[in-house]
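J.: Following is a predicted model, sequence given first.
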Amino acid sequence: MAGLIKREDIDEVRNRTDLREVVESYVTLKSAGIGSYKGLCPFHDERSPSFHIRPQLGTFHCFGCGESGDVIAFIQKMDHSSFTETVELLAARINYELHYEDGGPGPRREDYGKRQRLVDAHKVAEEFFRAQLATDEGAAGREFLAGRGFDAEVAAQFSVGYAPKGWDSLLKHLRSKGFVDDELKLTGMFSEGNRGIYDRFRGRVMWPIRDLSGATIGFGARKLYEDDQGPKYLNTPETQLYKKSQVLYGIDLAKKQISKSRQIVVVEGYTDVMACHLAGITTAVATCGTAFGTDHIKIARRLLQDDGTGGEVVFTFDGDAAGQKAALRAFEEDQRFIAQTYVCVEPTGADPCDLRLHRGDEAVRELIELKRPLFEFAIRAELKKFSLNTVEGRVQALRQTAPIVAQIRDSAIRPAYVRELAGWLGM
């Protein structure tokens, strides 16, 4: 076991690492004067940017919550890694060889920190699944993708793969790469029975789920076979790496365009993200088995630079009852954004993937272009529950919708919706 990392090596890693490049993997930054940049703090929820970095000095500081430090401290706080693990990760990032107090050259790849080992296992698994998609057995996966308008080139673009039907295909592969069972149990890619661990994902199309830095931290899997007794979609369970309330599928692909265009489009599924990106909506992301919640909003706001100077959040939902319910649930979270929030509901119930398949890329773009303000959608959805042809119905509708209008915090928008509601009610 290697000893402490030599102080001069720690200093060298710190000095050679570009703080701005690292921070921009998590936060959208804007110039704040000579040699300084600012953004929304990743450590607490805020509406005005108070998080500042000074790359030349290699330091960050948040004037809101007080968090501060260097690039090592930043990664430790973001990834919940130990000091040694963080230095090793940053050294690997710049291809710098570390030395230790006991004179050793540092840990072998097999001796990296636990978190890095989990990341490595996911990278190897992703490569394995991608290779399996091209095999004879993977034909079922290719047929599924083709049926949704995605060819081999698109599958490669999004790193889609296939998990074989065997109970230990991935297990054997990872063992052959030097991973041991105690490590693999922590990845979420395996289940455990009386005879030990076995593949969690079997006979499924596989989508890698990545964090903001682009590291694969989990998988989403769609079943293909009728004899599969599992759920239609199966995701990685909660692990040290994978927190479903904090991950967004496609965020690694969309983050630059989200920052550039000040727009984020939230869709419901992996294939919807693929369809949107192929249609030119490259700001699309999706949640992974959970509703769009507070932690997702924090990520979105940091990327949007949601400080009241513009930006928009667009939710797309199916036109059925479940989609309407999801949209109203999104409305409940709307007030956490300063950016304008919109909703797109396809009246026929088609999702972006279906739209692209049957009507082409233009239909997907039109869906997003025809977005409606989320406030308007929420109010009109409530009005539909009442008969507006009677005085009693209009009064009941007013009682139900007035609180929605009252929730609008923007003092400029709220009076406008008071007038709109009065017009819709004829009152």
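T.: Here it is on my side, so go on.
J.: and Y112, what pLDDT?
T.: pLDDT, Y112: 51.
J.: Tell me which helix or strand comes right after the helix or strand where V285 lies.
T.: Using DSSP states H and E, the element containing V285 is strand 284-287. Next along the chain after strand 284-287, taking DSSP H and E as the criterion, comes helix 294-304.
J.: Just the angle for whatever helix or strand comes next after that next one relative to helix 294-304, thanks.
T.: Of the helices and strands lying after helix 294-304 in sequence (DSSP H and E), the nearest is strand 312-317. When axes from the mean of the first three to the mean of the last three C-alpha atoms, to 10 degrees is applied, the directions of strand 312-317 and helix 294-304 differ by 140 degrees.
J.: about what we covered before: show me what the strand holding V285 packs onto, helices and strands only.
T.: strand 248-249, helix 251-261, strand 263-267, helix 270-278 (3 or more C-beta pairs under 8 Å, 6 or more residues apart in numbering; DSSP states H and E). For the C-beta atoms, the positions are set from N, CA and C on the backbone; glycine is no exception.
J.: Residues in contact with stretch 243-261: which ones?
T.: By C-beta atoms under 8 Å, 6 or more residues apart in numbering, the list of residues contacting stretch 243-261 from outside reads 28, 158, 207, 209-214, 217-218, 220, 235, 238, 264, 270, 273, 277, 282-290, 293-296, 299-300, 303-305.
J.: whoops, I mixed them up, stretch 409-416
T.: The contact list for stretch 409-416, computed with C-beta under 8 Å, 6+ apart, reads 335, 375, 405-406, 408.
J.: what number of residues lie near L425?
T.: Neighbours of L425 under the rule other C-beta atoms under 10 Å: 17.
J.: That one reaches L398, doesn't it?
T.: Yes - contact criterion C-beta atoms under 8 Å: L425 and L398 qualify, at 5.9 Å.
J.: can you give me the strands for the stretch 51-200 of the chain?
T.: Under the criterion DSSP state E, counting those that start in this stretch, the stretch 51-200 of the chain contains strands at 51-54, 59-62, 68-69, 161-163, 190-193, 196-199.
J.: And the helices in the stretch 301-427 of the chain?
T.: Along the stretch 301-427 of the chain, counting by DSSP state H, counting those that start in this stretch, helices occupy 321-334, 352-359, 361-369, 374-383, 391-406, 413-425.
J.: Which positions in the fifth one come out as buried?
T.: Okay, so that is helix 391-406. Residues 394, 397-398, 401, 404-405 are the ones in helix 391-406 that count as buried (16 or more other C-beta atoms under 10 Å).
J.: Least confident of the residues you listed?
T.: In terms of pLDDT, the weakest of those is I404, which scores 85.
J.: List the contacts of that residue.
T.: For I404, the contact set (C-beta under 8 Å, 6+ apart) comprises 331, 375, 378-379, 382.
J.: The residue lying closest to R142 once chain neighbours are set aside and L170: what is the separation?
T.: Nearest in space to R142, with sequence neighbours left out and distances taken as C-beta to C-beta, 6 or more residues apart in numbering, is L133 at 6.4 Å. Going from L133 to L170 by C-beta to C-beta, to the nearest Å gives 14 Å.
J.: doesn't Q132 make contact with P164?
T.: Yes - counting by C-beta under 8 Å, Q132 is a contact partner of P164 at 5.6 Å.
J.: where's G220, which helix or strand?
T.: Using DSSP H and E, G220 falls in strand 216-223.
J.: and that strand, which strands flank it?
T.: Paired strands of strand 216-223, with direction, are strand 204-210 (antiparallel), strand 233-235 (antiparallel) (DSSP bridges).
J.: ranking the strands of the stretch 51-200 of the chain by burial, who's on top?
T.: Among those, strand 161-163 has the highest mean neighbour count (mean count of other C-beta atoms under 10 Å), at a mean of 28.
J.: Neighbouring strands of that one in the sheet, and parallel or not?
T.: Looking at strand 161-163 with DSSP bridges, its partner strands are strand 204-210 (antiparallel).
J.: Report the mean per-residue pLDDT for the strand it pairs with.
T.: Rounded mean pLDDT across strand 204-210 is 98.
J.: With stretch 294-301 instead?
T.: 85.
J.: List of residues touching that stretch?
T.: The contact list for stretch 294-301 (C-beta under 8 Å, 6+ apart) reads 40, 42, 45, 212, 243, 245-246, 248, 251, 258, 264, 287, 306, 313, 333, 336-339.
J.: Now which of those residues would you call buried?
T.: 40, 42, 45, 212, 246, 248, 251, 258, 264, 287, 306, 313, 333, 336-339.
J.: Output the below-cut-off pLDDT ranges for the stretch 51-200 of the chain.
T.: Within the stretch 51-200 of the chain, the stretches with pLDDT under 70 are 80, 102-113.
J.: quick one: the helices in it?
T.: All helices of the stretch 51-200 of the chain, identified by DSSP H, counting those that start in this stretch, fall at 71-79, 83-93, 114-132, 139-146, 152-157, 169-176, 181-184.
J.: want to try JSON lines for the ones you listed, with mean neighbour count and distance to S191 as columns?
T.: What follows is the helices of the stretch 51-200 of the chain, written out as JSON lines (neighbours: other C-beta atoms under 10 Å; distance: least, C-beta to C-beta, whole Å):
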{"stretch": "helix 71-79", "mean neighbour count": "20", "distance to S191": "26"}
{"stretch": "helix 83-93", "mean neighbour count": "19", "distance to S191": "27"}
{"stretch": "helix 114-132", "mean neighbour count": "20", "distance to S191": "15"}
{"stretch": "helix 139-146", "mean neighbour count": "17", "distance to S191": "21"}
{"stretch": "helix 152-157", "mean neighbour count": "14", "distance to S191": "26"}
{"stretch": "helix 169-176", "mean neighbour count": "18", "distance to S191": "10"}
{"stretch": "helix 181-184", "mean neighbour count": "14", "distance to S191": "11"}
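J.: ok, what's across the strand from the spatially most central residue of the chain?
T.: For the chain, L248 is the residue whose C-alpha lies nearest the centre (C-alpha atoms, centre = their mean; 1.5 Å). In this structure, L248 bridges to T287 when assessed by DSSP bridges.
J.: What distance do you get for it to T216?
T.: For L248, the distance to T216 equals 14 Å [C-beta to C-beta].
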